[in-house]
Each structure stands twice: as C-alpha cells, then as structure tokens.
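Q: sequence and computational prediction follow.
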Amino acid sequence: MLFSSDKYQILKALEIILRDNKNEYAKELFKLLKYENEILIQESIIYTLKHLNLDNISDDLFFEFLKEENLLLKEFVLSILSTSKKVKVLGKLLESEDKDFRKYALDGLYRTNTKEAIPLIAKCLDDPDINNQIAAVEYLGLLGAEDYAEKIAKKLSNTKNLFLISTILETLSIIGNENTDKIIEEKLKTISNPYLYLPYAKYIFKRKNIFKGIEFFKNSEKKELILKEFLEFISKNSRNIYLYTKLRKEIASILSALLKENIPNEYKYDILMILDNLLEDEIIEVIKENIKHLEGAGLIAAIEIINEKKLISLKKEILNMNLPEEMKYLIEETFEDWEMEE
C-alpha cells in the first residue's frame with residue numbers, strides 16, 4: 001500500500017502507520033518522501049514522521065535531505081532536528097563549507113531552545129558570513145546567553161555593518177551588563193545614522209534607569225523616531241515614577257507638551273492614559289488645555305477619562321468650546337447616558 005500508484009492507498013497506509021505507531025517504517029517513509037511529488041502526500045508523510053521515533057535514522061540521511069532544493073523538505077528536516085533536540089547533528093552542520101547549511105544549523109539550534117545549543121550558536125559569532133554572524137547574535141540574545149554578552153559587545157570594534165550593529169544593540173538590551181554598557185558608550189559615543197538611532201534608543205530604555213532614560217529623550221533631536229519606545233518605557237516604569245514628585249511633574253510636563261505636537265493620534269491616546277495614572281486632579285487641567293489638539297484616538301482617551309471620573313463640569317465646558325461639529329457629536333453621544341445632577 002505504501003508504494004502504491006494510488007494516492008488514496010498511500011494515505012490509508014500512512015494513517016495505519018500513524019495510528020499503530022509503526023516506527024519501523026520511518027526509513028521507508030523518508031525514501032518515499034524523497035521521490036514523491038504530490039504535495040498532499042508529502043505533507044501527510046511529514047505529519048506521520050513527526051509523530052514517529054526517529055532515533056534510528058542516520059545523520060547522513062538528514063544531511064541528504066538538507067541538500068534538497070525542495071524548501072518544504074528542508075524545513076521539515078530542520079523542524080525534526082530541532083523538535084527532537086538533535087543538537088549533535090545540527091552542530092555537525094556548522095562545520096559545513098556551505099554558508100546556507102550553517103544558517104540552517106543556526107536556525108535549528110535556536111529552535112531546540114536548549115542550553116546545549118548556546119555554545120554551538122556562539123561559534124558562529126566568528127562565521128565568515130556576516131548574515132550568519134547577525135543570526136548568531138540575535139539568537140544568543142533571545143536565548144538569554146549572558147555569558148557571551150561581552151564577546152558580542154566587542155564585535156563593535158571591528159564592524160561597520162549597520163545590520164550587525166543594530167542586532168548587537170538589540171541583543172545587549174536583553175543580556176547586557178555593566179561591562180557591555182561601558183563598551184557601547186565608548187564605541188557609540190554619538191549616533192548620527194537614523195538606522196541605528198531606534199535600536200540604540202531601545203537599548204537605552206531597557207538598560208538604563210528611569211532618570212537616564214528620560215534625560216536621553218529630553219536631549220534627543222529625533223524624538224519622533226523613538227516616541228513609541230519612550231511611551232512604553234514610561235508606562236512600564238509608571239509605579240517607580242509615581243514615587244518621585246519632582247520626576248512625576250517633569251514627565252507630566254514633557255507628555256503634556258507632546259499633546260500639542262503633530263504626532264499620531266494613537267500616541268496621544270497612550271499619553272493621556274499614562275497621565276491619568278500619574279496625575280490626580282491635575283489631569284482635568286491637562287485635558288482642558290489640550291482638548292483642541294485632540295482628535296480620533298486622542299479625543300477618545302479624553303472622553304474615557306472624563307466618563308470614568310464623571311467630570312460633569314468638564315463635559316459642559318468642553319461642549320461650550322469652539323469644537324468641530326463631529327467632535328461635539330462624539331462627546332454628546334458618549335455622555336448621553338449620564339444621569340445629570342444639576
């Protein structure tokens with residue numbers, strides 16, 4: 001049945017192999033998979049193999065499939081190697097002279113999500129191919145490989161590749177330490193390239209304390225590029241900010257000023273939500289002062305705050321303002337269920 005010319009017979013055989021967990025057919029399935037052109041059959045074979053024990057399949061057979069032009073087969077083999085934790089096999093692939101094979105190995109090792117894979121991935125920090133270096137840096141960060149943080153940071157000394165530098169910053173924002181902070185400060189004293197400014201800002205907001213993060217934003221000449229990250233930084237640290245009255249007022253001032261700027265409405269929504277958490281009655285004055293600068297999501301945030309706090313007097317004041325008709329309509333519609341107490 002398995003090698004029948006009738007695809008329905010093949011599918012029936014695969015169903016039986018899967019149901020009865022017939023591991024002894026694994027090698028035959030690999031053979032069938034290599035020469036089968038029907039996508040439905042290929043996918044059924046792959047599904048079946050993923051549920052069998054493949055410990056008796058030789059490393060050479062896996063390597064043979066990775067040489068196939070068929071991307072589906074390559075992806076299948078990588079999936080098998082990574083989910084079955086075949087770190088040793090993937091490690092051998094790193095010795096290949098083919099840069100693509102080494103990349104397949106890197107991807108597979110990362111997918112294993114094991115500590116044993118980390119030193120093997122780290123070997124590719126010195127890979128001849130720059131794209132493999134970038135992948136190794138990224139994967140070590142995602143796997144939390146703190147032992148390799150300084151080696152990664154030192155790569156800044158001998159590269160001008162923007163993609164690599166950007167990835168180094170992203171990774172060190174996750175696994176960096178005081179020593180890597182010093183290396184970055186020394187190697188990247190000034191950031192003039194727009195491509196690097198965002199990853200550098202992410203690094204600052206993840207690695208530095210609240211005071212240094214705010215100072216960085218205040219001194220930034222490219223605030224529009226990093227506004228989203230800054231707002232996430234403030235929101236994440238809002239509890240700590242609340243403990244410092246002076247700092248809280250400074251941040252409120254920065255955010256209130258941003259409401260007047262020509263920034264996306266969704267950011268104004270986020271700003272008002274942050275201010276509502278940081279401020280008490282002062283939020284009323286912030287809304288009154290900036291209502292004419294709000295529309296769309298920003299206006300919705302203001303209405304949500306007014307509605308939540310039942311600020312009836314502020315609602316009346318807003319409706320008496322010289323606002324566009326559509327804005328007044330939105331406000332009246334939102335508040336129409338209020339039980340007004342005069």
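A: Arrived safely. The model shown is predicted, which means the values in this text are computed figures rather than measured ones.

Q: give me the neighbour count for Asn23.
A: Using other Cβ atoms under 10 Å, Asn23 has 14 other residues around it. Glycine gets a C-beta too; all of them are placed from N, C-alpha and C.

Q: so it makes contact with Leu49?
A: No: the criterion here is Cβ atoms under 8 Å, and Asn23 misses it with Leu49 at 10.1 Å.

Q: pass me the low-pLDDT residue ranges in the stretch 101-250 of the chain, would you?
A: Applying pLDDT under 70 to the stretch 101-250 of the chain picks out residues 192.

Q: show me where it has helices.
A: Along the stretch 101-250 of the chain, the stretches classed as helices by DSSP state H, counting those that start in this stretch are 117-123, 130-142, 149-154, 162-175, 178-187, 194-207, 210-219, 223-236, 238-242, 245-259.

Q: in the last one, what's buried?
A: Taking 16 or more other Cβ atoms under 10 Å as the neighbour-count basis, helix 245-259 is seen to contain the buried residues Leu247, Arg248, Ile251, Ala252, Ile254, Leu255, Ser256, Leu258, Leu259.

Q: the first one too?
A: For helix 117-123, a neighbour-count test (16+ other Cβ under 10 Å) marks Ala117, Ile118, Leu120, Ile121, Ala122, Lys123 as buried.

Q: between those, which is closest to Ala153?
A: Ala122 (13.6 Å; Cβ to Cβ).

Q: quick check: the residue lying closest to the closest one once chain neighbours are set aside vs Leu259, distance?
A: Excluding the flanking residues, the one nearest Ala122 by Cβ to Cβ, 6 or more residues apart in numbering is Tyr148, at 5.2 Å. Distance of Tyr148 to Leu259, given as Cβ to Cβ, to the nearest Å: 43 Å.

Q: okay if I get the helices of the stretch 101-250 of the chain as TSV plus distance to Val87?
A: TSV is the format used below for these (distance: least, Cβ to Cβ, whole Å):
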stretch	distance to Val87
helix 117-123	5
helix 130-142	13
helix 149-154	21
helix 162-175	21
helix 178-187	27
helix 194-207	29
helix 210-219	38
helix 223-236	35
helix 238-242	41
helix 245-259	47
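
Q: so which of those is nearest Glu68?
A: With respect to Glu68, and counting by Cβ to Cβ, the nearest of these is helix 130-142 at 20.7 Å.

Q: can you redo the buried residues of helix 117-123 as CSV with distance to Leu94?
A: Shown next, in CSV, are these (distance: Cβ to Cβ, whole Å):
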residue, distance to Leu94
Ala117, 11
Ile118, 13
Leu120, 6
Ile121, 9
Ala122, 11
Lys123, 6
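
Q: show residues contacting stretch 104-120.
A: Residues from elsewhere that reach stretch 104-120 (Cβ atoms under 8 Å, 6 or more residues apart in numbering): 66, 74, 78-79, 81-83, 85-87, 90-91, 93-94, 96, 121, 124, 132, 135-136, 139-140, 142-143, 145, 147-148.

Q: thinking again about what came up before, so who does the residue nearest to Ala122 touch?
A: Residues in contact with Tyr148 (Cβ under 8 Å, 6+ apart) are Ile118, Ala122, Leu125, Leu140, Ile175.

Q: pull the most distant pair out of those residues.
A: Leu125 and Ile175, at 13.2 Å, using Cβ to Cβ across the contacts of Tyr148.

Q: of the two, who's got more company?
A: Per other Cβ under 10 Å, whichever of Leu125 and Ile175 has more neighbours is Ile175, with 19 against 16.

Q: okay but that one is in contact with Gly141, surely?
A: Yes: with contact defined as Cβ under 8 Å, Ile175 counts as touching Gly141 (5.6 Å).

Q: for those two, list the residues in contact with both.
A: Counting by Cβ under 8 Å, 6+ apart, the residues touching both Ile175 and Gly141 are Ile152.

Q: how about the contacts of Tyr148 in CSV, adding distance to Phe216?
A: Converted to CSV, the contacts of Tyr148 look like this (distance: Cβ to Cβ, whole Å):
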residue, distance to Phe216
Ile118, 31
Ala122, 30
Leu125, 28
Leu140, 26
Ile175, 21
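
Q: picking up where we left off before, show the buried residues in the contacts of stretch 104-120.
A: 66, 74, 78-79, 81-82, 86-87, 90-91, 93-94, 121, 124, 132, 135-136, 139-140, 143, 145, 148.

Q: sorry, back to before: what's the overlap in contacts for Leu125 and Ile175?
A: Leu140, Tyr148, Ile152.

Q: now, among these, which is nearest to Ile241?
A: Nearest member of those to Ile241, counting by Cβ to Cβ, is Ile152, at 31.1 Å.

Q: the closest one contacts Leu125, correct?
A: Yes: assessed by Cβ under 8 Å, Ile152 is found in contact with Leu125 at 6.8 Å.

Q: so what sits against both of these two?
A: Val137, Leu140.

Q: for the residue lying closest to Asp181 once chain neighbours are set aside, give me its contacts.
A: Nearest non-adjacent residue to Asp181, counting by Cβ to Cβ, 6+ apart: Arg207, 6.2 Å away. By Cβ under 8 Å, 6+ apart, Arg207 lies in contact with Leu172, Ser173, Gly176, Asp181.

Q: which among the residues you listed end up buried?
A: Buried among these (16+ other Cβ under 10 Å): Leu172, Ser173, Gly176.

Q: and stretch 45-56, what's buried?
A: Ile45, Ile46, Thr48, Leu49, Leu52, Leu54.
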